[in-house]
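>>> please find the sequence and the predicted model below.
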There are 2 protein chains.
Amino acid sequence: MALLVQKFGGTSVGTTERIEAVAEKVCRFRKEGHDVVVVVSAMSGETNRLIGLANEIMPQPTPREMDVLVSTGEQVTIALLSMALQKRGCDARSYTGGQVRILTDSSHTKARIKQIDEQRMREDLDGGRVVVVAGFQGIDELGNITTLGRGGSDTTAVALAAALKADECQIYTDVDGVYTTDPRVVDGARRLERITFEEMLEMASLGSKVLQIRAVEFAGKYNVPLRVLSSFEEGEGTLITFEDDNAMEQPVVSGIAFNRDEAKLTISGVPDTPGSALRILKPVSDANIEVDMIVQNVGQDNKTAFTFTVHRNDFNRAQEVLEKIAAGIGAGEVAGDTRIAKVSIVGVGMRSHAGVATRMFEALSDEGINIQMISTSEIKVSVVIDEKYLELAVRALHAAFELDKPPVQESAWG
Amino acid sequence: MALLVQKFGGTSVGTTERIEAVAEKVCRFRKEGHDVVVVVSAMSGETNRLIGLANEIMPQPTPREMDVLVSTGEQVTIALLSMALQKRGCDARSYTGGQVRILTDSSHTKARIKQIDEQRMREDLDGGRVVVVAGFQGIDELGNITTLGRGGSDTTAVALAAALKADECQIYTDVDGVYTTDPRVVDGARRLERITFEEMLEMASLGSKVLQIRAVEFAGKYNVPLRVLSSFEEGEGTLITFEDDNAMEQPVVSGIAFNRDEAKLTISGVPDTPGSALRILKPVSDANIEVDMIVQNVGQDNKTAFTFTVHRNDFNRAQEVLEKIAAGIGAGEVAGDTRIAKVSIVGVGMRSHAGVATRMFEALSDEGINIQMISTSEIKVSVVIDEKYLELAVRALHAAFELDKPPVQESAWG
């Protein structure tokens, strides 16, 4: 008998029919004897409908009123799900974020959770009731309604699981787990039974969109076992867990992430003097442009080349900024390329295995794929390549690291 | 410079365009220097949409969850109206019922207001802000969301006006005031500049649907001057006020109310013994059927006839109950008639004028209209007649009491 926090996203509660299916699932867990807290998002489309209404009035509504508006979306779902549970004889009670005192800071539309009062939920659980909580929302010290930003329902679920010391936080979504890579690109992509928090964080930041990155961070910080499962199919999903040196041998590489969201900028002929990186990057960050990978080549003739990637949406603005800088510091020309892709191998096993990067480069070289940039961390290696080779590269790497072969079997919540 | 509480109903805020028009109006009052608290309903259609969703899940949802669900309707409106005000440079802040601590009992879907904490609203008003409050909703002692029942936004407005000791509570609606009678029936029907609370209560209970009866009671109890105005047209509307013996001569009759909602039941041959009324009416009220007019004829041969009216929706049930009773107490047959109408003359001036009822009966008699039942109170006389004479009766009475002629001019908030 466990205490479970289960989160269902907008697609999973998109119609009253789907809400009934969620109620069915939750009731099954209750009948097995588990205590259940359910966190739900707004019905899919509802948040956009509300934003649409606001935008009919003004393009940039005040964040405080935006939060009052969009937080109604989840409130509708908690009421409907509670009704669907009660209809099945499963006692349930709904709560808004404010009612279970999910206390946040006052940063409207992107608030951060500071504290949760689990008392009221605990009383309901002790009384045999399912607790249904609106995701994505809280209140600040003054009682103003706040929201955590898009996808914040995952964060709510993890935060509740942490506050209640739940045995597991289950995120139900429209995929049935975390895969070694995108199954639409590689036929042999395999669902992982487990993945570590660090790997999941890398996967999420590298473009795998299964979980909201803040929720993963939060779960890692508060030791909340997190599981990703499908709302629509049966299955054990993927457990995101802590490294356990004794339990099993970690695979060297757990997954391959990729994205096409970035563009590359190179400024060449930069005087190779202290502070030149700062002089180039500060104006970029001052323009609120986020920089991802940065590479500085070893220079010659006291000149160096400086290459970095930004989000494609920021490419034009970044190029303008760079051209001004180039003139200012006496550098050469600014070159840009939007047709790049980033491919990364991720795995905690890399820590204890040498030669992983070499194996990656070899696999790419075997396919004749040129590497334009390289960036590494303790548990990942990322490369930038020509966009047109993306699928080829992902398939080659999936095969090279034998990701289609399953590791040892594990068990999980059914 | 006054403190005004202004309430806008669902039709007045039915689209974002109309919400902008409301904002425009409110801003005008602010610019004239008034402090304004605005109470809004859900956008028209929204409450029914939400109830529809609930009914897709179950026909009789639990009242607590129903309140969580439908209270989102007003929450959407307060956010949108606040945005529309801010867009016009008119500082505003929205509050749910719970946020301004409209404390109610725990009777979900028909809660009654117990207390309001006006502190937070006062701070905003002092800070030059318009306060926008969700109508129709509150919270109970445990923080559960409650609603006041349909039309409860009027009650919210009056309660806020009472708590804030507002100078006037203005109810904006789709009619431009209270009329001497329904203008669709009588061409010469005239908007009243003033009407007393007692008259308004009688008008409301007799079928005039301008204001919710509970709101009028509340306003009367807490001495809140109430004004009914049109959201869509300029005008001074109708002020509902207290009797002021010195100010002006009250007209003998202020208005004529009528409805076709009732049906008549007669049980004859009832043994004329103490307790027979109780034996007939108790089972009716036990069946949750509300009885309006009751007439007992003087009996002969120790038998009496007993006639009363019920809502037409309850007619069939009431007839079944009565037939059982008739058998039980040895009474005669039960006769029913659904084609009746009730017409009433209302006016505080009746108190000091004899012969008002006589004038009424004379006017009806002149038209050959037979009176089936009569019921009187201090400030009204009601008669039941054949439904087919309804319009004729209303026109005859409107003329007999010279309601088409205006009284002395008065001034009001513009």
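Yep, that arrived.

>>> the longest helix seen in chain A near chain B anywhere?
In chain A, with assignment by DSSP state H, the single longest helix is helix A:63-87. Yes. Using C-beta under 8 Å from any C-beta of the partner chain, we find that helix A:63-87 touches chain B at A:64-66, A:68-69, A:71-72, A:75-76, A:78-80, A:82-84, A:86-87. The way it works is simple: take the backbone N, C-alpha and C, and place the C-beta from them, glycine included.

>>> and A:E387, how many neighbours?
Counted with other C-beta atoms under 10 Å in any protein chain shown, residues neighbouring A:E387 total 15.

>>> same question for the one 5 residues further on.
Counted with other C-beta under 10 Å, the burial measure for A:L392 works out to 15 neighbours.

>>> now swap in the one 4 residues further on and tell me
A:A396 has 22 neighbours, counted by other C-beta under 10 Å.

>>> now do the helices in chain A.
A:16-31, A:46-57, A:63-87, A:119-126, A:152-164, A:197-205, A:213-221, A:276-286, A:315-329, A:356-366, A:390-400.

>>> got these as a markdown table, with mean pLDDT columns?
A markdown table is the format used below for the helices of chain A (pLDDT from 0 to 100):
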| stretch | mean pLDDT |
| --- | --- |
| helix A:16-31 | 97 |
| helix A:46-57 | 96 |
| helix A:63-87 | 97 |
| helix A:119-126 | 96 |
| helix A:152-164 | 95 |
| helix A:197-205 | 85 |
| helix A:213-221 | 87 |
| helix A:276-286 | 87 |
| helix A:315-329 | 91 |
| helix A:356-366 | 92 |
| helix A:390-400 | 96 |
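
>>> those: which one's closest to B:M293?
helix A:63-87 (39.8 Å; C-beta to C-beta).

>>> what separates the closest one from the chain centre, distance-wise?
In terms of C-alpha atoms, centre = their mean, to the nearest Å, the centre of helix A:63-87 is set 23 Å apart from its chain centre.

>>> looking at the closest residue to A:P406 other than its chain neighbours now. What's its pLDDT?
Excluding the flanking residues, the one nearest A:P406 by C-beta to C-beta, 6 or more residues apart in numbering or on different chains is A:R190, at 6.4 Å. We have a pLDDT of 92 for A:R190.

>>> now render the helices of chain A as CSV, adding distance to B:K31.
Shown next, in CSV, are these (distance: least, C-beta to C-beta, whole Å):
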stretch, distance to B:K31
helix A:16-31, 46
helix A:46-57, 20
helix A:63-87, 21
helix A:119-126, 45
helix A:152-164, 39
helix A:197-205, 51
helix A:213-221, 44
helix A:276-286, 40
helix A:315-329, 41
helix A:356-366, 68
helix A:390-400, 60
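
>>> state the distance from A:A161 to chain B.
23 Å (C-beta to the nearest C-beta, to the nearest Å).

>>> gap between that residue and A:Y95?
Distance of A:A161 to A:Y95, given as C-beta to C-beta, to the nearest Å: 15 Å.

>>> count the neighbours of the closest residue to chain B within the stretch 251-400 of chain A for me.
Proximity to chain B, evaluated over the stretch 251-400 of chain A using C-beta to the nearest C-beta, is greatest for A:N288 at 24.5 Å. A:N288 has 8 neighbouring residues, counting by other C-beta under 10 Å.

>>> try the one 10 residues further on
The burial count assigned to A:V298 is 7, neighbours taken as other C-beta under 10 Å.

>>> just give the nearest non-adjacent residue to it, would you?
Once flanking residues are discounted, A:V298 sits nearest to A:T304: 7.2 Å by C-beta to C-beta, 6+ apart.

>>> tell me the contacts of that neighbour?
A:T304 makes contacts with A:V270, A:P271, A:D272, A:S276, A:Q296, A:N297, A:V298, as judged by C-beta atoms under 8 Å, 6 or more residues apart in numbering or on different chains.

>>> please name the bridge partners of it.
Legend: beta-bridge partners of A:T304 under DSSP bridges are A:V270.

>>> hang on, A:G14 packs against A:G45?
Yes. Shown here, A:G14 and A:G45 form a contact pair, counting by C-beta atoms under 8 Å, at 7.1 Å.

>>> and those two? Which one has more around it.
A:G14 (19 against 14).

>>> and the more buried one, what is it in contact with?
A:M43, A:S44, A:G45.

>>> do the same with A:A331
Contact analysis of A:A331 by C-beta under 8 Å, 6+ apart lists A:I267, A:S268, A:G269, A:V270, A:P271, A:I325.

>>> just give the number of residues close to the fourth one.
The number of residues packed around A:V270, counting by other C-beta under 10 Å, is 24.

>>> pLDDT at it, what is it?
On the pLDDT scale, A:V270 gets 88.

>>> from A:D301, how far off is it?
Counting by C-beta to C-beta - A:V270 and A:D301 are separated by 11 Å.

>>> ditto for the third one
Look at A:G269 and A:D301: by C-beta to C-beta, they are 9 Å apart.

>>> can I get stretch A:117-130 in PDB? Just the C-alpha atoms.
C-alpha atoms of stretch A:117-130 as PDB (Å, rounded to 0.1, in the frame of the first residue of the first chain):
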ATOM      1  CA  ASP A 117       0.700  22.900   3.700                       C
ATOM      2  CA  GLU A 118       0.000  19.200   3.400                       C
ATOM      3  CA  GLN A 119      -2.300  19.100   6.500                       C
ATOM      4  CA  ARG A 120      -5.600  19.300   4.700                       C
ATOM      5  CA  MET A 121      -4.700  16.700   2.100                       C
ATOM      6  CA  ARG A 122      -3.500  14.400   4.900                       C
ATOM      7  CA  GLU A 123      -6.900  14.600   6.600                       C
ATOM      8  CA  ASP A 124      -8.700  13.700   3.400                       C
ATOM      9  CA  LEU A 125      -6.300  10.800   2.700                       C
ATOM     10  CA  ASP A 126      -6.800   9.600   6.300                       C
ATOM     11  CA  GLY A 127     -10.600   9.800   5.700                       C
ATOM     12  CA  GLY A 128     -10.200   7.500   2.600                       C
ATOM     13  CA  ARG A 129     -10.700  10.200   0.000                       C
ATOM     14  CA  VAL A 130      -8.900  10.900  -3.200                       C
END
